[in-house]
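Participant: show me how the following folds:
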Amino acid sequence: MNSSVPPLSAGAAAFVRRAHGLYIGGAFVPAADGRTFATYDPSTAAHIADVPYAGPADVDAAVAAARSALDGAWGALPALVRSRLLVRLAELVEENAAELAEIEALDGGKPVSVNEAMDLPAAIEHFRYYSGWPTKIEGATIPVYLPDTLCYTRKEPVGVCAQIIPWNYPLMMAAWKLAPALAAGCTVVLKPAEQTPLSALRLAELVEEAGFPPGTVNVLTGDGTTGAALVDHDGVDKIAFTGSTEVGREIAARAGARLKRVTLELGGKNPNIVLADADLDAAVAGAFDGIYFNSGQTCIAASRLYVHRSRYEEMVGRLAEAAAKAEVGPALDRATRFGPLVSAEQYDRVRGYLRDGVAAGATLRAGEVPAESPEGGYYVRPALFTDITPGMRITREEIFGPVLVAAPFDETDEAVALANDTPYGLAAGVWTRSLAQAHTLAARLRSGMVYLNSWASGDPAAPFGGVKASGIGREMGQANLDAYLETKTVWTNLAP
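Facilitator: Sure, this is the predicted structure:
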């Protein structure tokens with residue numbers, strides 16, 4: 001592992017050094033009670049900066065600012081102007097992409113080269129995609145049976161939205177949440193994860209520069225207490241959350257008691273099925289990237305691998321060999337492909353699962369149980385377990401780390417049963433040369449998304465989300481735009 005950490009560029013370093021404030025009503029302000037908390041570099045465990053800890057008074061202020069903008073300057077803007085502001089925000093993110101990629105790498109541990117190649121372009125294109133929607137939001141006239149009556153519908157913004165984003169894709173998830181809400185005409189209070197607050201604060205500066213009316217977008221940094229205050233706030237009309245299923249259940253219960261709209265994108269324990277006729281080169285590459293990308297810290301990680309017995313040993317052997325050669329390193333090093341885990345807490349969590357898998361009798365074909373106390377950053381090498389059983393924790397629970405479990409199967413029905421034997425239902429994969437087999441399995445697998453001879457394909461226009469314990473609703477595409485709109489029916493008596 002290369003332990004040397006390259007320095008930040010001048011722009012990113014200047015941002016990190018300056019005093020950080022909550023973004024409320026178009027101004028950067030300290031927390032009302034003056035509290036702050038620290039954010040740390042996962043590559044070194046070193047302190048980066050202190051940011052404000054938003055409390056109840058700050059939540060009140062942000063929600064009030066969002067309501068004022070909705071009822072005022074932002075709500076009065078023509079659709080075309082909303083569109084142009086989203087275009088301008090996309091341009092500013094693109095102009096500052098190199099700096100944002102460094103901030104993400106420093107704060108979250110994802111390699112800067114990955115941020116530049118994937119996360120930043122995805123965020124930019126998300127804003128661009130939704131910039132086309134404000135002028136396409138239309139109601140309808142309805143031919144009702146009552147005489148002398150005009151009935152039509154209006155599509156109106158759902159209102160003030162609390163958006164809570166995770167630490168594994170901070171800037172991209174912010175774009176996923178902000179873009180459709182703003183396209184629909186909503187206002188937003190965005191809360192980034194406490195582990196990765198910095199890119200959201202830099203994005204707030206770009207929102208300001210783009211010219212959005214004050215209060216349209218507000219950013220509160222804090223922890224779960226801040227998020228809970230947002231969820232419970234009477235002034236919030238909709239909650240959009242990406243994160244763990246455990247927290248998602250709690251949010252759903254709180255929102256249900258208040259009949260608030262929710263979109264929940266939650267966890268996954270995603271199966272990846274390799275049939276006997278698969279292109280093994282492609283399947284090995286897809287399975288490897290599917291689980292080890294972002295050090296396994298992704299809800300759509302291909303964390304369960306089921307391979308036809310005739311190809312099993314060859315595929316597992318090749319994956320173990322590739323995992324053994326994979327090097328982890330500092331996120332700011334452009335040569336790094338696999339960075340550290342995001343925090344000491346996540347390091348301990350993944351280490352615990354590795355220990356549990358070994359204790360349960362699974363064979364660790366690649367990787368290792370890391371040291372109890374890491375020296376410097378939170379590095380965990382890619383790991384691969386074989387000799388697993390369906391009841392093991394490493395097989396059933398979402399680890400959110402670079403840990404793959406693999407098992408053989410003999411019949412396709414067996415593979416489907418193994419794949420569906422999970423409380424989750426986010427994504428699934430199938431590798432085969434048979435078009436008929438591919439589409440037959442796509443219909444049988446209980447998941448919100450199925451990847452055929454690929455993994456984690458995506459586009460802003462394509463809905464993203466799961467079933468069962470993997471969430472409610474969809475991100476991306478028109479489906480997510482509709483989640484930020486309410487339909488109002490208007491009845492007009494035309495009789496004199």
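Participant: can you pull the contacts of residue 6?
Facilitator: Counting by C-beta atoms under 8 Å, 6 or more residues apart in numbering, residue 6 touches 330, 332, 333, 334. The way it works is simple: take the backbone N, C-alpha and C, and place the C-beta from them, glycine included.
Participant: at 7 Å instead, please
Facilitator: Taking C-beta atoms under 7 Å, 6 or more residues apart in numbering, we find residue 6 in contact with 332, 333.
Participant: before we move on, what SS does it have?
Facilitator: Classification of residue 6 using DSSP: H, G, I helix; E, B strand; the rest coil returns coil.
Participant: from residue 331, how far off is it?
Facilitator: Here the distance between residue 6 and residue 331 works out to 10 Å (C-beta to C-beta, to the nearest Å).
Participant: repeat that for residue 467.
Facilitator: From residue 467 to residue 331 the distance is 33 Å (C-beta to C-beta).
Participant: out of those two, which sits in the busier spot?
Facilitator: Using other C-beta atoms under 10 Å, the more surrounded residue of residue 467 and residue 331 is residue 331, with 31 against 14.
Participant: pretty sure the more buried one is in contact with residue 110, am I right?
Facilitator: Yes: applying C-beta atoms under 7 Å as the test, residue 331 and residue 110 come out as touching, 6.0 Å apart.
Participant: between the two, which contacts overlap?
Facilitator: Residues within reach of residue 331 and of residue 110 at once, by C-beta under 7 Å, 6+ apart, are residue 339.
Participant: ok, residue 378 - contacts?
Facilitator: Contacts for residue 378 (C-beta under 7 Å, 6+ apart) come out as 42, 340, 341, 343, 344, 346, 347.
Participant: could you redo the last one with a cut-off of 6 Å?
Facilitator: 42, 340, 341, 347 (C-beta atoms under 6 Å, 6 or more residues apart in numbering).
Participant: burial check on the third one, number of neighbours?
Facilitator: Counted with other C-beta under 10 Å, the neighbours of residue 341 add up to 28.
Participant: how about it: what's its closest non-neighbour residue?
Facilitator: Counting by C-beta to C-beta, 6 or more residues apart in numbering, residue 341 lies nearest to residue 378, which is 4.4 Å off, once chain neighbours are set aside.
Participant: in the stretch 351-496 of the chain, which spans are strands?
Facilitator: For the stretch 351-496 of the chain, the strands defined by DSSP state E, counting those that start in this stretch cover 363-366, 383-386, 403-409, 427-431, 449-452, 471-472, 485-493.
Participant: run through the bridge partners of residue 264.
Facilitator: Counting by DSSP bridges, residue 264 forms beta bridges with residue 241, residue 472.
Participant: tell me which residues touch it, please.
Facilitator: Shown in contact with residue 264 (C-beta under 6 Å, 6+ apart): 241, 248, 471, 472.
Participant: ok, now residue 470?
Facilitator: Going by C-beta under 6 Å, 6+ apart, residue 470 touches 266, 268, 424, 425, 426.
Participant: ok, now with 8 Å
Facilitator: 245, 265, 266, 267, 268, 299, 424, 425, 426, 447, 448.
Participant: what about residue 209, which SS state?
Facilitator: Residue 209 ends up helix, using three-state DSSP.
Participant: what about it, neighbour count?
Facilitator: Neighbours of residue 209 under the rule other C-beta under 10 Å: 13.
Participant: would you agree residue 255 falls within a strand?
Facilitator: No: remark: residue 255 does not belong to a strand; assigned using three-state DSSP, it is helix.
Participant: just give the closest residue to it, not the sequence neighbours.
Facilitator: Using C-beta to C-beta, 6+ apart, the closest residue to residue 255 is residue 262 (4.7 Å).
Participant: and that neighbour, how many residues sit next to it?
Facilitator: For residue 262, the count of nearby residues is 20 (other C-beta under 10 Å).
Participant: that one sits in which helix or strand?
Facilitator: strand 261-265 (DSSP states H and E).
Participant: and the angle for that strand with strand 485-493?
Facilitator: 150 degrees (axes from the mean of the first three to the mean of the last three C-alpha atoms, to 10 degrees).
Participant: on that earlier part again, would you mind giving the strands of the stretch 351-496 of the chain as CSV with mean pLDDT and mean neighbour count added?
Facilitator: Shown next, in CSV, are these (pLDDT from 0 to 100; neighbours: other C-beta atoms under 10 Å):
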stretch, mean pLDDT, mean neighbour count
strand 363-366, 98, 17
strand 383-386, 98, 25
strand 403-409, 98, 23
strand 427-431, 98, 29
strand 449-452, 98, 20
strand 471-472, 97, 24
strand 485-493, 97, 12
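Participant: mind listing what's buried along stretch 207-214?
Facilitator: 207, 208, 210, 212, 213, 214 (16 or more other C-beta atoms under 10 Å).
Participant: excluding its backbone neighbours, what's nearest the spatially most central residue of the chain?
Facilitator: Nearest to the geometric centre of the chain sits residue 173, at 4.7 Å (C-alpha atoms, centre = their mean). Nearest residue to residue 173, sequence neighbours excluded (C-beta to C-beta, 6+ apart): residue 165, at 4.1 Å.
Participant: so who does that neighbour touch?
Facilitator: With C-beta under 8 Å, 6+ apart, residue 165 has these contacts: 173, 174, 177, 190, 191, 192, 193, 200, 242.
Participant: where do the helices sit along the stretch 151-300 of the chain?
Facilitator: Assigned by DSSP state H, counting those that start in this stretch, the stretch 151-300 of the chain shows helices spanning 170-184, 198-210, 224-232, 245-258, 280-292.
Participant: for the second one, name the packing helices and strands.
Facilitator: What that stands for is helix 198-210. Helix 198-210 sits against helix 10-17, strand 22-24, strand 47-52, helix 79-95, helix 97-108, helix 170-184, strand 217-219, with contacts defined as 3 or more C-beta pairs under 8 Å, 6 or more residues apart in numbering; DSSP states H and E.
Participant: try it again at 7 Å.
Facilitator: helix 79-95, helix 97-108, helix 170-184, strand 217-219 (3 or more C-beta pairs under 7 Å, 6 or more residues apart in numbering; DSSP states H and E).
Participant: now the third one
Facilitator: Packing partners of helix 224-232 (3+ C-beta pairs under 7 Å, 6+ apart): helix 56-71, strand 160-164, strand 187-191, helix 245-258.
Participant: nice, that's everything, thank you.
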